[in-house]
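Student: Here you go, sequence then predicted model.
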Amino acid sequence: MPPMDVYRVHLNSNKIIPLALGNMTAMVRRHRPDLLEMLNFNTPWLTERQILGDQAFLQRFEKPSIFLMSDYVWNLQAHTRLSRALKAVNPGHVIIHGGPAISYGTADFLQENAWVDFSVHGEGEVTCLELLTQWCTQRDYRKVPGLSFRENGQVVFGEKRERIADLALIPSPYLGGDLDALLPEFYCAVVETNRGCPYKCAYCSWGFYLRKVIKHDLDQVFAELEWIAAHHIPSLWIADANFGILERDIAITEHLCRLKERYGFPKNVITNFANNKRRSMEISRLLIGARIATSLGVAMQTTDETTLKNIRRKPVAEDYYLTLRDEYVRHQLPVMTHFIIGLPGSTYASFIKDIEFALTEKMYPQVFPAIVLPNTAMAEKEYRQRHGIVTEKFISRDYDEEWEVVVAAASFSREEYRRIHLYCAWLHFAVCYRTLKYLIYFAAVEQGRTQTQVLEDLLEKGVAETGKTGGAVRYPILRNIVMVLHAKAAEFFDQKICMVLRRNPRELYLAMDAGNEWAGFYQELAAIFKQDFGLPEDLLTTALCVQKSILPSRHHGVAEQLLDHDFRSYYFQEPRAGGRRSLRHFSGHMSFAVKDPKNICANVELVETGMRMLLNNFELDSPLWRNE
């Protein structure tokens, strides 16, 4: 009998290597090579979502086969739809689901999806290996902990599997050739140097199940990194919960930097930094010195003490984030701070306080809606009741998946949440898309106000303009911006369409660039700042010149200009060292040269379409920002 085909399935629009599925194949090759006489893994990977609607393609799978599906929040429903379609083609297919989107504590997923044969709960490497072994031999699935299966028409939820104590048990799919077929199309490699998280945040599943941090073999990590660099994969995702939590993470970074010098790769690194100032600082300095692009992501979630207590999270130490922030700002590199809206205990006022903190510290706020994930405290009935959490089902615009989104809680109403959502869209357009970044700072300093107050005032002016018609409209471009953002908010609430919030203004930005509306936009802002805010024209001229110069646009040329004020020293003055002084105190000519080494202006339409064009770096290279 010929071996049965095994297909690995990870439907995802981003070209990120699905490490977990590679681990499954590697486990079979290492520990049960005899199964390869009965199982054929030399099959195409199924990674394109388009196959869901391609009946001709699905009909090719007439022969009974095994399908391993790795489920996450971005592909769970896609995988269940594919499972149903495959079973319709041949009921003899064996469908196996696993991953963090599958509940670790119940067999509900199998109960609700009759076309799925097995579900793996928790870590999948050993469970999947034992399942495939049983399928090829005795088919006694009760011997496999961590598994749900069907028996005599009933769903059986097997006994709990203990965590893998020694990750050396898992061979490298990179070194074993199990991921070769994905190259060169997949441009982001994923590496896990340790597994687990000691924290227990209510919204996150990492510490809910994998509390103890267990290390991968260091020699294997080094070898995997060299394989990735030698294969010229540009992006590396270090998928640890807290990179820098262990002393050896510095040695890993040093090795990575040597590889960059030898091979020229990877070009950029994405990771979650641990809340350890010394190690995170050293790792950052090493990456910066090796010219490996990275950004500091501070997972604040909120600065509000009540909310932090409710979500079982300690505040990020001020000394930690300020020290790291200073290092990144000194090198004009992006500092991102992550906030979640919709957490129990939060309010509109606490959210504005969060944003002001980020802007004052020259961090870019990245805002995410609170989504209830499986295997989290927030998913538990008692937790929801205690905090008055109200959720609704939304469809993700980015992934076409159904998500459970928090829309109200005891601390905030739906109406307040809607207000927060509109402000988020405006914030991202003004700051993260860089359209008003330096003007907001300028107006706040000159008027002795907060940047969030300036943003709120401008938003209110735009809202007021939407109620006018004809000649009464003073600021038509600002009016249109606010109307578009209002429509995005309505799309979220009325149509129940959820999307990554930083992408909300993307179409607006591109439409304005296509219509070359920037000159008119900044004329309106100049009028507001002069007439309504009373800002001096000579200082405003300098601020406008800087703002317009750094904005990525197909209609902007890069050039060197002579400013009447030293805007760089003005912008980088330290507010904690005696307050912020007016631009008037920074008189004196300054050469302001703008460059576009990444050719962003010619490719603005690619912003937020993949790892290579994220908003983190959506700004032209200048004395204020390094984008080489």
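Tutor: Good, I have the coordinates.
Student: Map the structural domains onto the sequence of this structure.
Tutor: What automatic domain parsing lists as the domains of the chain is 4-167, 295-617.
Student: and the end-to-end length of the last one?
Tutor: This means domain 295-617. 9 Å (C-alpha to C-alpha, to the nearest Å).
Student: and that domain, what's its mean pLDDT?
Tutor: Across domain 295-617, the average pLDDT comes to 90.
Student: Now do it: distance to the chain's middle.
Tutor: Offset of domain 295-617 from its chain centre (C-alpha atoms, centre = their mean, to the nearest Å): 16 Å.
Student: next one: the shortest one
Tutor: For domain 4-167, the distance between its averaged C-alpha position and the chain's averaged C-alpha position is 26 Å (C-alpha atoms, centre = their mean).
Student: cool, and stretch 167-180?
Tutor: Mean-position distance between stretch 167-180 and its chain equals 26 Å (C-alpha atoms, centre = their mean).
Student: likewise stretch 3-16?
Tutor: For stretch 3-16, the distance to the chain centre is 22 Å (C-alpha atoms, centre = their mean).
Student: Now it: buried residues?
Tutor: Neighbour-count burial for stretch 3-16 flags 4, 5, 6, 7, 8, 9, 10, 11, 12, 13, 15, 16 (criterion: 16 or more other C-beta atoms under 10 Å). Every residue, glycine included, has its C-beta placed from N, CA and C.
Student: And stretch 217-229, by the same measure?
Tutor: Within stretch 217-229, the residues scored as buried using 16+ other C-beta under 10 Å are 217, 220, 221, 222, 224, 225, 226, 227, 228, 229.
Student: With the flanking residues excluded, which residue is spatially nearest to residue 306?
Tutor: residue 345 (4.2 Å; C-beta to C-beta, 6 or more residues apart in numbering).
Student: quick one: contacts for the one you found?
Tutor: Going by C-beta atoms under 8 Å, 6 or more residues apart in numbering, residue 345 touches 304, 306, 307, 308, 309, 310, 311, 387, 409, 411.
Student: and if you look at residue 49?
Tutor: Neighbours of residue 49 in contact, by C-beta under 8 Å, 6+ apart: 11, 12, 13, 75, 78, 400.
Student: could you redo the last one with a cut-off of 10 Å?
Tutor: 11, 12, 13, 74, 75, 78, 81, 82, 399, 400 (C-beta atoms under 10 Å, 6 or more residues apart in numbering).
Student: quick one: the strands in the stretch 51-200 of the chain?
Tutor: Listed in chain order, the strands of the stretch 51-200 of the chain (DSSP state E, counting those that start in this stretch) span 66-70, 94-98, 118-120, 147-151, 154-157, 188-191, 194-195.
Student: Report the two of the buried residues of stretch 3-16 separated the most.
Tutor: Within the buried residues of stretch 3-16, 4 and 13 form the most distant pair, 29.3 Å apart (C-beta to C-beta).
Student: circling back: identify the farthest-apart pair in the buried residues of stretch 217-229.
Tutor: 217 and 229 (18.5 Å).
Student: Quick one: the strands of the stretch 51-200 of the chain as CSV, columns for mean neighbour count and mean pLDDT too.
Tutor: Output for those, formatted as CSV (neighbours: other C-beta atoms under 10 Å; pLDDT from 0 to 100):
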stretch, mean neighbour count, mean pLDDT
strand 66-70, 25, 97
strand 94-98, 24, 98
strand 118-120, 27, 97
strand 147-151, 20, 96
strand 154-157, 14, 96
strand 188-191, 23, 97
strand 194-195, 21, 96
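Student: Can I get these in TSV including distance to residue 377?
Tutor: Formatted as TSV, the strands of the stretch 51-200 of the chain follow (distance: least, C-beta to C-beta, whole Å):
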stretch	distance to residue 377
strand 66-70	24
strand 94-98	22
strand 118-120	22
strand 147-151	22
strand 154-157	21
strand 188-191	26
strand 194-195	20
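Student: Residue 291 is nearest to which of the ones you listed?
Tutor: strand 188-191 (18.5 Å).
Student: how much distance is there from that closest one to the middle of the chain?
Tutor: For strand 188-191 - counting by C-alpha atoms, centre = their mean - the centre lies 15 Å from the chain centre.
Student: hang on, the earlier thing: which one among the contacts of residue 49 gets closest to residue 427?
Tutor: residue 399 (23.2 Å).
Student: hmm, back to that, from the buried residues of stretch 217-229, which is closest to residue 487?
Tutor: The closest of those to residue 487 turns out to be residue 228 (C-beta to C-beta; 42.4 Å).
Student: The closest one in helix, strand or coil?
Tutor: helix (DSSP: H, G, I helix; E, B strand; the rest coil).
Student: residues contacting it?
Tutor: By C-beta under 10 Å, 6+ apart, residue 228 lies in contact with 17, 174, 179, 188-191, 234-236, 256, 259, 263, 265-266.
Student: Which ones among those map onto helices?
Tutor: Counted as lying in helices by DSSP state H, out of the contacts of residue 228, are 256, 259, 263.
Student: So which residues of the stretch 301-450 of the chain form strands?
Tutor: The residue ranges that make up the strands of the stretch 301-450 of the chain, judged by DSSP E, counting those that start in this stretch, are 335-341, 364-369, 390-396, 402-408.
Student: Tell me the buried residues in the last one?
Tutor: Applying a neighbour-count criterion of 16+ other C-beta under 10 Å, the buried positions in strand 402-408 are 403, 404, 405, 406, 407, 408.
Student: The first one and residue 393 touch, don't they?
Tutor: Yes: at 7.4 Å, residue 403 counts as touching residue 393 under the criterion of C-beta atoms under 10 Å.
Student: Just give the number of residues close to residue 356.
Tutor: Counted with other C-beta atoms under 10 Å, residues neighbouring residue 356 total 18.
Student: could you pull out the helices for the stretch 351-500 of the chain?
Tutor: Counting by DSSP state H, counting those that start in this stretch, one finds helices in the stretch 351-500 of the chain at the ranges 381-387, 414-427, 437-447, 451-466, 476-494.
Student: Deepest-packed of these, please.
Tutor: Across the helices of the stretch 351-500 of the chain, averaging neighbours per residue (mean count of other C-beta atoms under 10 Å) puts helix 437-447 on top, at a mean of 22.
Student: For that helix, name the packing helices and strands.
Tutor: Helices and strands touching helix 437-447, by 3 or more C-beta pairs under 10 Å, 6 or more residues apart in numbering; DSSP states H and E, are helix 348-360, helix 451-466, helix 518-527, helix 537-550, helix 567-571.
Student: Make a markdown table from the ones you listed and add distance to residue 445 to it.
Tutor: As requested, the helices and strands packed on helix 437-447 are exported to a markdown table (distance: least, C-beta to C-beta, whole Å):
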| stretch | distance to residue 445 |
| --- | --- |
| helix 348-360 | 11 |
| helix 451-466 | 9 |
| helix 518-527 | 16 |
| helix 537-550 | 10 |
| helix 567-571 | 8 |
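Student: Quick one: closest of those helices to residue 294.
Tutor: Among those, the nearest to residue 294 by C-beta to C-beta is helix 348-360 (18.5 Å).
Student: Check which residues of that closest one are buried.
Tutor: Buried-residue list, helix 348-360, by 16+ other C-beta under 10 Å: 348, 350, 351, 352, 354, 355, 356, 357, 358, 359, 360.
Student: tell me the contacts of residue 431?
Tutor: Residues in contact with residue 431 (C-beta under 10 Å, 6+ apart) are 355, 358, 359, 364, 365, 437, 440, 441, 451, 455, 615.
Student: Hmm, the first one is touching residue 432, no?
Tutor: When you say that, I think you mean residue 355. No: with contact defined as C-beta under 10 Å, residue 355 does not reach residue 432; the gap is 11.3 Å.
Student: so what sits against both of these two?
Tutor: Common neighbours of residue 355 and residue 432 (criterion: C-beta under 10 Å, 6+ apart): 365, 367.
Student: rewinding a little: okay if I get the strands of the stretch 301-450 of the chain as a markdown table plus distance to residue 162?
Tutor: Formatted as a markdown table, the strands of the stretch 301-450 of the chain follow (distance: least, C-beta to C-beta, whole Å):
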| stretch | distance to residue 162 |
| --- | --- |
| strand 335-341 | 32 |
| strand 364-369 | 33 |
| strand 390-396 | 32 |
| strand 402-408 | 29 |
